[in-house]
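Engineer: Build me a model:
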Amino acid sequence: MSMGTSNTLGQQINQAAFWSAAVALATGVVSVFFPLDVPGGYEATASDRAAWLSANSGPFMLGWINQMIAMVSLSGVLAGLAWQVAGTHPLRAILAATLVAISMVAFFIPKFIAVWTIPMLAGAIATGSGASDMAQALLPILNVSVPFSLFTSFDYLGFWLYSLLALLVARPLMQSSVSSKITGAVLGVFGLLYNGVVIAVLAGTIEGAEVAIYVGAVSLILVFVLVASLFLFKGAAAPTD
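Structural biologist: Residues are numbered from 1 along each chain as shown. Below is the predicted model of the structure:
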C-alpha cells in the first residue's frame, strides 16, 4: 500500500468515525423520547408487561431501532479509536477491532429480539392465540430490565467487551495529541469502572435491582468519549500534505 493510499484510507476511516460519533450523540438525544420498557420495569409483573407491550409496541420498537443505530455508531467510533493506535500498537489495535466485532454480535442479538420477538410475544399473549402459552413462558426470559435475564445478559456482555477495548487503547491514545489524550483518559476511566462494577456484581456487593443503576451511570461516561472523539477525528481527518 502506497503512502498516498494509506493517507486516504486513514482520512476516510477518521471521517467515518467522526460522523459515527455525531450519529451516536444524536441517537442519545432521540432515545429520551422513546420507551425501552414498561414503567417500573424491574418490579413490573408479567401480565403488566405483556399488556403494556401490546399497547405500546410501536414506540417500543422504534426505541430499540434507535438503540440499534446508536450501538452501530458507537462501535464505529471505537473501531476508529482502534485505528488511531494501529501505527504504534498494531497488536492492541487488532485485538481492539476484534472486540468491537464480537461486541456488535452480542448487542445485535438482544436488540433484534426487542424489535422482532418481544412485540410478537406480547401480541400472542394479548390475542390468546395457540402460541400464547409459549409466549407467556418466553417473555419473562427476555425481560429487558432484569439484569439476569437472557436479554440483558447479552447487553451487559457487549458493554463489558467495550470496557476491555477501552483498557487496550486508553494508554496508547494518551501518547498523542491533546484531544487524543483526553479521549484515552476518559476511555480508561470507563474501562476501569465498568470492570469494577462487573467484579462487584459477581462478588455479590451490588444487588440485582441495582445493577442497571450502576451500569447506566458508568455507561454515561461514553458520552464524554464521543464528545472528545469528535475533536480527535476531526483533526485526524484533515488532509495532510
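Engineer: Is there a neighbour count for the residue nearest to residue 34 when sequence neighbours are not counted? I'd like the number.
Structural biologist: Computed as C-beta to C-beta, 6 or more residues apart in numbering, the closest residue to residue 34 that is not its neighbour in sequence is residue 63, at 3.2 Å. Where you see a C-beta, it was placed from the backbone N, CA and C, and this is true even at glycine. Residue 63 has 20 neighbouring residues, counting by other C-beta atoms under 10 Å.
Engineer: quick one: low-confidence parts of this protein?
Structural biologist: By pLDDT under 70, the weakly predicted segments of the chain are 1-7, 237-241.
Engineer: so what's the residue most central in space within it closest to, chain neighbours aside?
Structural biologist: For the chain, the residue lying nearest the average C-alpha position, counting by C-alpha atoms, centre = their mean, turns out to be residue 71 (4.5 Å). Once its chain neighbours are removed from consideration, residue 71 has its nearest residue in residue 107; the separation is 4.6 Å (C-beta to C-beta, 6+ apart).
Engineer: quick revisit: hmm, the residue nearest to the centre of the chain is touching residue 111, no?
Structural biologist: Yes: in this structure residue 71 lies within contact range of residue 111 using C-beta atoms under 8 Å: 6.6 Å.
Engineer: burial of the nearest residue to residue 149 once chain neighbours are set aside, as a residue count?
Structural biologist: When the adjacent residues along the chain are set aside, residue 149 lies closest to residue 143, with 4.2 Å between them (C-beta to C-beta, 6+ apart). Other residues near residue 143 number 21, with proximity taken as other C-beta under 10 Å.
Engineer: Tell me which stretches of this protein form helices.
Structural biologist: 3-30, 46-55, 57-84, 90-112, 118-127, 132-141, 150-173, 178-203, 208-219, 221-236 (DSSP state H).
Engineer: and of those helices, who's closest to residue 38?
Structural biologist: When those are compared for distance to residue 38 using C-beta to C-beta, the nearest one is helix 46-55, at 4.1 Å.
Engineer: any idea of the angle the closest one forms with helix 132-141?
Structural biologist: Orientation of helix 46-55 against helix 132-141 (axes from the mean of the first three to the mean of the last three C-alpha atoms, to 10 degrees) gives an angle of 100 degrees.
Engineer: Can you give me the buried ones in helix 46-55?
Structural biologist: For helix 46-55, the neighbour count (16 or more other C-beta atoms under 10 Å) marks 49-54 as buried.
Engineer: I'd like to know which elements it is packed against.
Structural biologist: Secondary-structure packing of helix 46-55 (3 or more C-beta pairs under 8 Å, 6 or more residues apart in numbering; DSSP states H and E): helix 118-127, helix 132-141.
Engineer: okay, the angle between it and helix 57-84?
Structural biologist: Computed with the same axes, to 10 degrees, the direction of helix 46-55 lies at 90 degrees from that of helix 57-84.
Engineer: picking that back up, backbone dihedrals for the residue nearest to residue 149, please?
Structural biologist: Backbone geometry at residue 143, expressed as degrees, to the nearest 10, gives phi -60, psi 130.
Engineer: Repeat that for residue 142.
Structural biologist: Listed backbone geometry of residue 142 is phi -100, psi 30, with angles given as degrees, to the nearest 10.
Engineer: check contacts around residue 114.
Structural biologist: 36, 60-61, 64, 67, 144, 151 (C-beta atoms under 8 Å, 6 or more residues apart in numbering).
Engineer: ditto for residue 138
Structural biologist: With contact taken as C-beta under 8 Å, 6+ apart, residue 138 is in contact with 117, 121.
Engineer: how close does it sit to residue 97?
Structural biologist: Taken as C-beta to C-beta, to the nearest Å, the spacing of residue 138 relative to residue 97 amounts to 34 Å.
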